[in-house]
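Visitor: sequence and computational prediction follow.
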Amino acid sequence: MRILIIEDNEKLAKYTKQMFEEEGYAVDCLFDGLAGERMARSNSHDLIVLDLMLPGKDGLAVCKSLRDDDINLPIIMITAKGEVDDRVLGLDSGADDYLVKPFEMKELLARARALLRRPQEKFLDVLKIQDLVLDNATHSVLKNDKPISLTLKEYSILEYLMKNGGMVITREQLLEHCWDFAYSSFSNITDVYIKQLRKKLKDNDEKYIETIRGVGYKFKTE
C-alpha cells in the first residue's frame, strides 16, 4: 500500500512518513496543496493524509477538487482546528475521516488501517494462486500450508504481483507501488528483492515469478 502525506510542517510530515514506513507502507510526502493535489491525481496511492492549512491551496479545496473529479481515494484530514464546524466542513468537502492535532500516531495508523480495510475489489483479504496463499488479515504467506517468513518489502512485492496475477508488471510499476518516488527508475533494487523473494519461495525454475526480459515480471497463475 502507498500513502500520500500532504503536510506543510516538514518535521511532522517526515515523522509521520517514518511511522507509516515502519508499518510496511510506501510513503510520499509533499509540503503544499498544489503539488499535493497534482500527486494525488497520479492514481499511484491508496490513501491520503491531508493537512487542512496548506500553502498554495488549502486542504478543503484540495479535497473538494479531487472529489469533484471522482477521485475516491480514502482521505484522512488532519488539522489544528477542532471546532465542530471545522470538522463538518472537512467531512462535507469529501474527507473520510478527521483527526485533530495533536494526535497519537497510533491513532492515525489505526484510522488508516480501518479505511484501507473497506471492501474494495483491489484490496482482497486473501489471495490464492497455485499453492501460495497470501492473507492480508494475518499478514502471512503459506506455501503448501507451510508458513514463509517475508520482510515487509518482500510481502508488499509479492502481494502486488499476486493481485495482478497473469499480467506483466514493469520494474517501474513495482517501484511506483512498493517504494516512494525518491527511488530512481534506473535502480536495480526491484531485481534484488525479486531474487530474495524467489529464494524464499524456492522458485528456482520460475514456477511463480517469470522474468519478462527487458520489461519486468509476471506472476504465473497456473
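Guide: Now that the structure is in, tell me what you want to look at.

Visitor: what's around residue 2, how many residues?
Guide: A count of nearby residues for residue 2, using other CB atoms under 10 Å, gives 20. To be clear about C-beta, it is placed using only N, CA and C from the backbone, and glycine gets the same treatment.

Visitor: tell me the spacing between it and residue 36.
Guide: To residue 36, residue 2 is 14 Å away according to CB to CB, to the nearest Å.

Visitor: and if you look at residue 211?
Guide: Distance from residue 211 to residue 36, by CB to CB: 36 Å.

Visitor: what does residue 175 give?
Guide: Computed with CB to CB, the distance linking residue 175 and residue 36 is 20 Å.

Visitor: the more surrounded of the two?
Guide: A direct count of neighbours by other CB under 10 Å for residue 175 and residue 36 places residue 36 higher, at 27 against 19.

Visitor: assumed the more buried one was part of a helix.
Guide: Yes: per DSSP: H, G, I helix; E, B strand; the rest coil, residue 36 lies within a helix segment.

Visitor: that one contacts residue 54, correct?
Guide: Yes: taking CB atoms under 8 Å as the contact criterion, residue 36 and residue 54 are neighbours in contact, 7.1 Å apart.

Visitor: between the two, what contacts are shared?
Guide: Listed contacts common to residue 36 and residue 54 are 6, 62; contacts here mean CB atoms under 8 Å, 6 or more residues apart in numbering.

Visitor: where does this structure have low pLDDT?
Guide: 82-87, 118-124, 180-187 (pLDDT under 70).

Visitor: okay, which residue is most central for it?
Guide: Closest residue to the average C-alpha location of the chain: residue 2 at 1.7 Å, with CA atoms, centre = their mean.

Visitor: show me the contacts for residue 93.
Guide: Residue 93 neighbours (CB under 8 Å, 6+ apart): 60, 63-64, 67, 77.

Visitor: okay, these in a markdown table with neighbour count and distance to residue 179 next?
Guide: Listed next are the contacts of residue 93 as a markdown table, based on neighbours: other CB atoms under 10 Å; distance: CB to CB, whole Å:
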| residue | neighbour count | distance to residue 179 |
| --- | --- | --- |
| 60 | 22 | 30 |
| 63 | 28 | 26 |
| 64 | 16 | 30 |
| 67 | 15 | 28 |
| 77 | 28 | 26 |
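
Visitor: just the helices in the protein please.
Guide: According to DSSP state H, the chain carries its helices in the segments 10-22, 33-40, 59-68, 84-92, 105-116, 152-163, 171-178, 189-201.

Visitor: which ones are touching the residue nearest to the centre of the chain?
Guide: Shown in contact with residue 2 (CB under 8 Å, 6+ apart): 25-28, 44-46, 176-178, 180.

Visitor: how does it look with 10 Å?
Guide: By CB atoms under 10 Å, 6 or more residues apart in numbering, the residues touching residue 2 are 20, 25-28, 44-47, 156, 160, 176-181.
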